[in-house]
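**Student:** heads up, no residue letters with this:
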């Protein structure tokens, strides 16, 4: 009981730090700031949409992107990255519909969606160059883009409200930001989505507190891949996307790349950019997390062990201490039992309160907050499974593509085995 009491007290102290001093990660307070004055001349923007097997998603998202109420020039490039479901054909059909509605002056800003669209058939990466699948698709779109002041990288499952791009550009211009990104509101319609999705964003914000990302003097850097507006000059300064060519978590890598060159970044929450991709079953949500969790840990067994231990310490220990202490109090146990119960309850209460703003963002009941420890255990299992998949050769994927790091590992192992055979 002494050891449990000390551990629960340490966990409660850790939660006091997280809530009071860890960048206010739990507040969901970083919303796109209002702009005092819009630009006198609106800069040109090109949107790049990497799409692999997204024929179902594009009809729900591409028209919204084409229909942006943006006063400046906007063009869209959809990169069909080796799809097998007719993604390119669907994108071309939607583009033809936009061209018909937009009349004969496609570069003119129109409310009816008359924007120039190009559907680009993706090609394999050059021989000898290791590119992550999605980043290579993004790079192809960037190379094919006409000159523009800003590039928007967005996903094929992301739907934009009509005024969103206008607000993003106004914020970037008004505050001189090189990267403005918004965390898309993920779908939370099914039971499992309501359990897993808010916690997914909560844990992301805990790793990369948005307020610290937005501080020019902070080293914390991140972005949200569904909505990234990047100044073209900043991309050219970094040499395009080559510095993050093998990044499987491309949004965080993008934020780090821009911030490493002293670029100014902004990341926040929104309800105007939403993901329409459904995750109806636990298996699909499990895949969403497990495909990149071990990548986030840089394939390090030490970081994996530390992460799992940290999840247990922060999220499982307080309720375990609270329940054990309260059960012991009923039997008339001593002061250590009372201290364990108090520390456990304090830690549990703080983590629950910190989860409430995220639940409100997703318009879910705050009564769900005390269940965060169970969700954390579920995420711990997903993270462990991510490592298992990596070592089994089924690591992170993007729309069916295998983790290039794992591919390199497999090639090395295979070459080593072949060398042994030759030597024997």
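**Tutor:** Perfect, thanks for sending it. Predicted model only: the values in this text are computed from it and were never measured.
**Student:** so where is the stretch 101-250 of the chain shaky, pLDDT-wise?
**Tutor:** Low-confidence segments of the stretch 101-250 of the chain, defined by pLDDT under 70: 101-114.
**Student:** ok, residues contacting stretch 82-93?
**Tutor:** Contact partners of stretch 82-93, identified using C-beta atoms under 8 Å, 6 or more residues apart in numbering, comprise 51-56, 58-59, 62, 78, 80, 117, 119, 121-122, 156. Just so you know, the C-beta spots here come from the backbone N, C-alpha and C atoms, and that holds for glycine as well.
**Student:** change it to 6 Å
**Tutor:** Counting contacts by C-beta atoms under 6 Å, 6 or more residues apart in numbering, the residues outside stretch 82-93 that touch it are 51, 52, 53, 54, 55, 58, 78, 80, 119, 122.
**Student:** can I get those residues in a markdown table with neighbour count and secondary structure?
**Tutor:** Below are these laid out as a markdown table (neighbours: other C-beta atoms under 10 Å; DSSP: H, G, I helix; E, B strand; the rest coil):
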| residue | neighbour count | secondary structure |
| --- | --- | --- |
| 51 | 28 | strand |
| 52 | 21 | coil |
| 53 | 17 | coil |
| 54 | 26 | coil |
| 55 | 18 | coil |
| 58 | 21 | helix |
| 78 | 29 | strand |
| 80 | 25 | strand |
| 119 | 21 | strand |
| 122 | 20 | coil |
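**Student:** Could I get the residues you listed in TSV, plus columns for distance to residue 132?
**Tutor:** Listed next are these as TSV, based on distance: C-beta to C-beta, whole Å:
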residue	distance to residue 132
51	16
52	12
53	17
54	17
55	22
58	22
78	19
80	17
119	22
122	13
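**Student:** Next, the distance between the ends of stretch 12-29.
**Tutor:** The stretch stretch 12-29 measures 24 Å between its terminal residues, going by C-alpha to C-alpha, to the nearest Å.
**Student:** for the record, mean pLDDT for it?
**Tutor:** Stretch 12-29 shows an average pLDDT of 97 in the prediction.
**Student:** Run the chain-centre distance for that stretch.
**Tutor:** Stretch 12-29 has its average C-alpha position 20 Å from the chain's average C-alpha position, going by C-alpha atoms, centre = their mean, to the nearest Å.
**Student:** got the buried residues for that stretch?
**Tutor:** Neighbour counts using 16 or more other C-beta atoms under 10 Å place 12, 14, 15, 18, 19, 22, 23, 24, 25, 26, 27, 28 of stretch 12-29 among the buried residues.
**Student:** Among the residues you listed, which are located in helices?
**Tutor:** If you go by DSSP state H, the buried residues of stretch 12-29 have 12, 14, 15, 18, 19 in helices.
**Student:** Going by distance to residue 295, which of the contacts of stretch 82-93 wins?
**Tutor:** Here the nearest of the contacts of stretch 82-93 to residue 295, counting by C-beta to C-beta, is residue 52; it sits at 17.9 Å.
**Student:** can you tell me how far the closest one sits from residue 166?
**Tutor:** With distances defined as C-beta to C-beta, to the nearest Å, the gap from residue 52 to residue 166 amounts to 29 Å.
**Student:** before we move on, what about residue 262?
**Tutor:** 27 Å.
**Student:** who does the lengthiest strand in the chain touch, helix- and strand-wise?
**Tutor:** Counting by DSSP state E, the longest strand found in the chain is strand 265-275. With contacts defined as 3 or more C-beta pairs under 6 Å, 6 or more residues apart in numbering; DSSP states H and E, the secondary structure elements packing on strand 265-275 are strand 158-160, strand 179-185, helix 210-213, helix 250-260.
**Student:** Mind listing what's buried along the longest helix along the chain?
**Tutor:** For the chain, the helix that runs over the most residues, judged by DSSP H, is helix 335-361. Under the neighbour-count criterion of 16+ other C-beta under 10 Å, helix 335-361 has 336-337, 339-352, 354-359, 361 buried.
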